[in-house]
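>>> How does the following fold in three dimensions:
(2 chains, ligands or ions: 2)
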Amino acid sequence: MNNISNAEVNGLRPEIENFLYREARMMDKHQFDDWEAMWSDKGVYWVPCAHDSDPMTEVSIIYANRAGIATRLGRMRSKAMYVQDPRSICSRIVGNIEVYPGEDGGVTTYSTFNITEFKRRGHLTHQTTWSGHSEHKLSRHGDQWLMDYKKVTLLNSDGEIPALGFLV
Amino acid sequence: MLTPTQPYVDYDDLIQEDPEFGFRINHHLYKDDEIFQQEMERIFYKGWVYIGHETEIPNPNDYVVRVMGQRPVILSRGQDGKVRVLENKCRHRGNTVCQEQRGNSKFFRCAYHGWVFSNTGELAEMTHPSNYGERMPAEGTMNLLEAPRIDSHRGFIFASLAAEGQPFKEYLGRAADYIDRYCDLAPDGEISLSAGRHGISYRGNWKMQLENLTDAYHAEYTHATALAAFAANSSAGKGKFTDRGDLEDQLSTQRDLGGGHAVLDGFALNRAQGDKLRFTGSTGTLSEEIVGKIAEREGSREKAVWLTHGGGSHITVFPNLMILWDAVRTIQPVSLHEAVIYYHPAQLKGASQEINTARIMSHQAGFGPAGFLAPDDMEMFERTQAGTVSDTDPWIYLNRGLSSQRIEKDDFGVDALTSQNLGETTQRGIWRHYKHVMSGE
Ligand code: FES
Ligand SMILES: [Fe+2]
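Ligands and ions are numbered 1, 2, ... in the order given. As a prediction, the model looks like this:
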């Protein structure tokens, strides 16, 4: 497929932004089926530890191919994934969205996110924030866009972070 | 002079053994600040503590920053090639002198007033020294403080901040056999912690992780979703937990190795399962490559297979080192009710990159902040900590396996206090040693 031009990218911008906002809502609401449907068969989902690491030689927080994503979601759907029992209440803002022509007629986006997570455990409550940068590579399939690749770099990725049980 | 009142903590009272009720610990051990302070003094500043691995600082001038108890230190390989543990604290006004996590530097320069310390600890340059006049500190008295004792075993570096105390070999005791077996699994006989690390923090006492690694009892419940996921999908590390069932109950054992060290011993179970060699941290096919190389090294396929049979063992080295499957982990107490666990994937020297990558993938499928296993453990630790608020009955009874435990020879032919793996023999061993150390015996 031919690469798209910069002019075309500008025309696509509203639907690409909408894709990212929709993805954010699916993650906030723990709508795992809908989120999974936003991935293409190529899907690679990477949450590195260090900013310039090589996932083949250095440990990551998450590195999953499409099958690994499915396995992860299978576990997340269960009530017995205790780190999410009850599930976190999340609200995230996605912003600073940049859209560029990608490979094979796709687009590459860079964006920034800020998540407020509220957790309740019995009588205890805890509120915390997570933030970082995302890179998406999206490809077009008929009338919809799907994720081929998503890299999420948490601000504190190479530090000590609490258990991460919801989607980023 | 004002002397702070020291509330007296009686560890005999907090950790009790009695024919009537068996073995019990008081949950104040997880929530009393005085106890936490005493743990820092008696366990982390007096005893041997794991600091890091040689392969993290392979070259002269390499360093990593660590925390010993709560004290910031630098694990430094000096210009002279010698490894030291230096306090990360300027001798002028006490500023930390190193701000990076790791790096390579001959000197640590304190930014506040410009004192420069060599990575061997010596004060290399004092700015405007003449101003001290006759009060000039004597040569050598203003060096970075150095842990007086440091030693290593198979690349694992331990240090003690006390000039005198238990000899290192005696401290490491029987844990050495299990560490050896783990390292021997690498074709070159060495592991390398060169694949980075990740850290997970939890709002609970540090000892919860210390006890948890050899708690086989929780796996079936806490980790139900992880076990199901691993069984269902090979890319996340198939074979780790599948179809074990009754076999595990009968053959898997937990052993109190003494000195607070403990192991969930996988030898018998793996042997019974023949050549599956599941616990080398990757799939059977990949493991075959390793077995071949070890067999060549050892001149014995039998020995190679024996080594892989021990591969599933969970090894706890008191107070802060744990070795399991594909990674080495450390516990870092942060405060009374907060701790961090760091995981360093252990790469096998002499194995192909394919195998070592598979080990990284297998490790991170389970552990780290978003693995399938660790987050649910953290959740349990936080719930345990939440429960310590209620003092109505402060006792935790650790009586599982007490009536059936026995002295038995392990795979190294040495007697060890042993029970079936769903017991609490290892927890009792840890607490018995803890009591010994904390009572200052
Ligand atoms: S505090 Fe380091 S030079 Fe003054
Ligand atoms: Fe666990």
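>>> From here on, just use CA atoms for contacts and neighbour counts.
OK.
>>> Roughly how far does whichever residue of the stretch 301-441 of chain B sits closest to ligand 1 sit from residue B:67?
Ligand 1 sits closest to residue B:334 of the stretch 301-441 of chain B, with a gap of 24.4 Å, by CA to the nearest ligand atom. Look at residue B:334 and residue B:67: by CA to CA, to the nearest Å, they are 9 Å apart.
>>> Please apply the same query to residue A:12.
51 Å.
>>> the more surrounded of these two?
residue B:67 (16 against 13; other CA atoms under 10 Å in any protein chain shown).
>>> For stretch B:17-37, list every residue counted as buried.
B:23, B:24, B:25, B:26, B:27, B:29, B:30, B:31, B:35, B:36 (16 or more other CA atoms under 10 Å in any protein chain shown).
>>> Now for these: which two are most distant?
B:23 and B:36 (21.8 Å; CA to CA).
>>> Just read off the phi/psi values of the spatially most central residue of chain B.
Nearest to the geometric centre of chain B sits residue B:321, at 1.0 Å (CA atoms, centre = their mean). Per-residue torsions, residue B:321: phi -120, psi 140 (degrees, to the nearest 10).
>>> How about it: what's its closest non-neighbour residue?
Sequence neighbours aside, residue B:330 is the residue nearest to residue B:321 in space, at 4.8 Å (criterion: CA to CA, 6 or more residues apart in numbering or on different chains).
>>> residue contacts, that neighbour?
By CA atoms under 8 Å, 6 or more residues apart in numbering or on different chains, the contact list for residue B:330 reads B:50, B:320, B:321, B:322, B:341, B:342, B:343.
>>> Let me know the closest of the residues you listed to residue B:372.
Looking across those and measuring by CA to CA, the closest to residue B:372 is residue B:343, at 14.3 Å.
>>> I'd guessed the closest one sits against residue B:199; true?
Yes. Contact between residue B:343 and residue B:199 holds when scored by CA atoms under 8 Å: they sit 6.3 Å apart.
>>> Mutual contacts of those two, please.
Residues touching both residue B:343 and residue B:199 (CA under 8 Å, 6+ apart) are residue B:368.
>>> What parts of the stretch 151-300 of chain B come near chain A?
Contact residues, the stretch 151-300 of chain B versus chain A (CA under 8 Å from any CA of the partner chain): B:194-202, B:222-226, B:228-229, B:232-233, B:235-236.
>>> Show me which of these are buried.
Looks like these have B:194-202, B:222-226, B:229, B:232-233, B:235-236 buried, using 16+ other CA under 10 Å.
>>> do stretch A:63-76 and chain B meet?
Yes. Residues of stretch A:63-76 contacting chain B under CA under 8 Å from any CA: A:63, A:67, A:68, A:71, A:72, A:74, A:75.
>>> Next, the residues that contact that stretch from outside, please.
A:32, A:36, A:39-48, A:55, A:81, B:225-226, B:228-229, B:232-233, B:235-236, B:361, B:364, B:372.
>>> do the same with stretch A:142-153
A:16, A:19, A:38-49, A:51, A:132-140, A:168.
>>> List the ones among those that fall in helices.
Residues of the contacts of stretch A:142-153 located in helices (DSSP state H): A:16, A:19.
>>> Mark which of the contacts of stretch A:142-153 are buried, thanks.
A:16, A:19, A:38-40, A:43-49, A:132-139, A:168.
>>> Do you have the strands of chain A handy? List them.
A:39-48, A:60-64, A:89-101, A:107-121, A:124-141, A:144-154, A:160-162 (DSSP state E).
>>> out of those strands, deepest packed?
With neighbours taken as mean count of other CA atoms under 10 Å in any protein chain shown, the strands of chain A reach their highest mean count in strand A:60-64, at a mean of 24.
>>> tell me the contacts of residue 51?
Just so you know, I chose chain A. Residues near residue A:51 by CA under 8 Å, 6+ apart: A:153, A:157, A:158.
>>> meant chain B actually
B:66, B:68, B:75, B:156, B:157, B:158, B:159.
>>> Now the first one: closest residue in space, sequence neighbours ignored.
If I follow you right, that is residue B:66. residue B:73 (5.3 Å).
>>> The one you found in helix, strand or coil?
strand (DSSP: H, G, I helix; E, B strand; the rest coil).
>>> so what's it bridging to?
residue B:66, residue B:87 (DSSP bridges).
>>> Residue B:90 is in contact with that one, correct?
No. The criterion here is CA under 8 Å, and residue B:73 misses it with residue B:90 at 11.3 Å.
>>> Just name the shakiest helix or strand of chain B by mean pLDDT.
The helix or strand of chain B with the lowest confidence, counting by mean pLDDT, DSSP states H and E, is helix B:245-251 at a mean of 58.
>>> neighbouring contacts of whatever helix or strand comes next after it?
Note on helix B:245-251: by DSSP states H and E, the next helix or strand toward the C-terminus is strand B:253-258. Strand B:253-258 is contacted from outside by B:173-175, B:214, B:262-266, B:416-423, B:425-426, B:429-430, B:433, using CA under 8 Å, 6+ apart.
>>> strand partners of strand B:253-258, parallel vs antiparallel please.
Partners of strand B:253-258, by DSSP bridges, with direction: strand B:261-265 (antiparallel), strand B:415-420 (antiparallel).
>>> Show me how far the last one is from its chain's centre.
To tie it back to what came earlier, the one meant is strand B:415-420. 21 Å (CA atoms, centre = their mean, to the nearest Å).
>>> what sits up against that strand?
Contacts of strand B:415-420 with the rest of the structure, by CA under 8 Å, 6+ apart, involve B:249-257, B:401-402, B:404-410, B:425.
>>> If I look at the one residue in chain A that gets nearest to ligand 1, what pLDDT would I see?
Ligand 1 sits closest to residue A:159 of chain A, with a gap of 25.8 Å, by CA to the nearest ligand atom. pLDDT, residue A:159: 88.
>>> again, but for residue B:289
Reported pLDDT for residue B:289: 82.
>>> Nearest residue to it in space, please, no chain neighbours.
residue B:351 (8.0 Å).
>>> and what of residue B:402?
residue B:425 (6.8 Å).
>>> thinking again about what came up before, and the residue of the stretch 301-441 of chain B closest to ligand 1, its phi and psi?
Taking degrees, to the nearest 10 as the convention, residue B:334 sits at phi -110, psi -50.
>>> Quick check: it touching residue B:340?
Yes. In this structure residue B:334 lies within contact range of residue B:340 using CA under 8 Å: 6.9 Å.
>>> okay, and the common contacts of those two?
In contact with both residue B:334 and residue B:340: residue B:206, using CA under 8 Å, 6+ apart.
>>> Looking only at neighbour counts, state which of those two leads.
More neighbours surround residue B:340 than the other of residue B:334 and residue B:340, with 25 against 18 (other CA under 10 Å).
>>> rewinding a little: among the buried ones among the contacts of stretch A:142-153, which are in reach of chain B?
Answer for the buried ones among the contacts of stretch A:142-153 near chain B (CA under 8 Å from any CA): residue A:49.
>>> Could you list the low-confidence segments of chain B?
B:1-7, B:233-250, B:274-286, B:441 (pLDDT under 70).
>>> Then chain A?
In chain A, residues with pLDDT under 70: A:1.
>>> now with 50?
Flagging of chain A using pLDDT under 50 yields an empty set of residue ranges.
>>> near chain B, which residues of it show up?
So chain A meets chain B at A:49, A:56-63, A:67-68, A:71-72, A:74-75, A:78, A:80-83, A:121, A:158-165 (CA under 8 Å from any CA).
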